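[1] fold the stuff below for me.
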Amino acid sequence: MAFSPLPSHMPDLATARHPDLARCILERAVTRGEFTLASGAKSDYYCDVRLVSLSGEGARLIADALLEETADLDFDALGGMDMGATPIAAAFGLRAHEQGLDIPTFVVRKNPKAHGTQKLIEGPLPETPQRVVIVDDVVTSGGSLIKAIEVAKQAGHSVVKAFAVLDRESGGSANIAATGVDYQPLVSIHELGLG
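    Below is the predicted model of the structure:
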């Protein structure tokens with residue numbers, strides 16, 4: 001199947017919550033074609049935010065947006081599901097350190113390893129109850145973000161907020177709200193001119 005990038009014209013991103021990040025997503029991550037999403041839904045475009053989170057520019061933009069969003073938030077650590085949250089958590093930890101902040105980051109495995117420590121949560125997150133922020137790359141139905149929230153809660157942590165780099169505005173925010181956790185996307189599909 002042949003895929004084509006989006007047309008070269010850009011929507012007005014000036015009103016986006018994080019305009020530079022929205023531009024980076026639109027330029028690097030959005031492809032036209034016929035796709036089946038993780039939720040099972042069909043779409044005529046695909047947003048591979050890993051093309052952003054695994055790039056130097058994108059990692060910095062995501063981490064800086066999260067640092068801005070969490071500046072007034074009382075929390076101890078930030079993490080989310082492997083694989084979507086892995087580069088995001090790493091970039092956030094680095095950028096926080098560069099600003100003199102020591103904020104542990106972590107990732108939640110889909111399944112615990114059958115060897116070694118057999119942990120479900122990897123990273124320097126203390127086992128004592130912590131106030132955590134959960135992140136993900138893309139939210140459609142919210143399934144991965146919700147699973148990370150559930151694992152964090154089962155481990156005794158309280159989830160103070162959840163973020164997605166991109167929300168496809170396909171019902172995920174309502175599903176996440178049903179967990180009782182406050183949720184905020186950094187960029188919405190509407191801001192990209194695709195909603």
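[2] can you show me the CA trace of the longest helix that the chain contains as PDB?
    Looking across the chain with DSSP state H, the single longest helix is helix 56-70. Extracted as PDB, the C-alpha positions of helix 56-70 are listed here (Å, rounded to 0.1, in the frame of the first residue of the first chain):
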ATOM      1  CA  GLY A  56      16.200  15.400  18.800                       C
ATOM      2  CA  GLU A  57      13.900  18.400  18.000                       C
ATOM      3  CA  GLY A  58      10.700  16.500  18.800                       C
ATOM      4  CA  ALA A  59      12.000  15.100  22.100                       C
ATOM      5  CA  ARG A  60      13.000  18.600  23.200                       C
ATOM      6  CA  LEU A  61       9.700  20.100  22.200                       C
ATOM      7  CA  ILE A  62       7.700  17.400  24.000                       C
ATOM      8  CA  ALA A  63       9.800  17.500  27.100                       C
ATOM      9  CA  ASP A  64       9.600  21.400  27.200                       C
ATOM     10  CA  ALA A  65       5.900  21.300  26.700                       C
ATOM     11  CA  LEU A  66       5.500  18.800  29.600                       C
ATOM     12  CA  LEU A  67       7.800  20.900  31.800                       C
ATOM     13  CA  GLU A  68       5.600  23.900  31.100                       C
ATOM     14  CA  GLU A  69       2.400  22.000  31.800                       C
ATOM     15  CA  THR A  70       3.700  20.500  35.000                       C
END
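[3] so what touches it?
    Outside of helix 56-70, the residues within contact range by CB atoms under 8 Å, 6 or more residues apart in numbering are 18, 20-21, 24-25, 28, 51-53, 78, 87-88, 90-92, 94-96, 99, 133, 135, 161, 163, 165, 184, 186. Glycine gets a C-beta too; all of them are placed from N, C-alpha and C.
[4] centre of the chain to that helix, how far?
    11 Å (CA atoms, centre = their mean, to the nearest Å).
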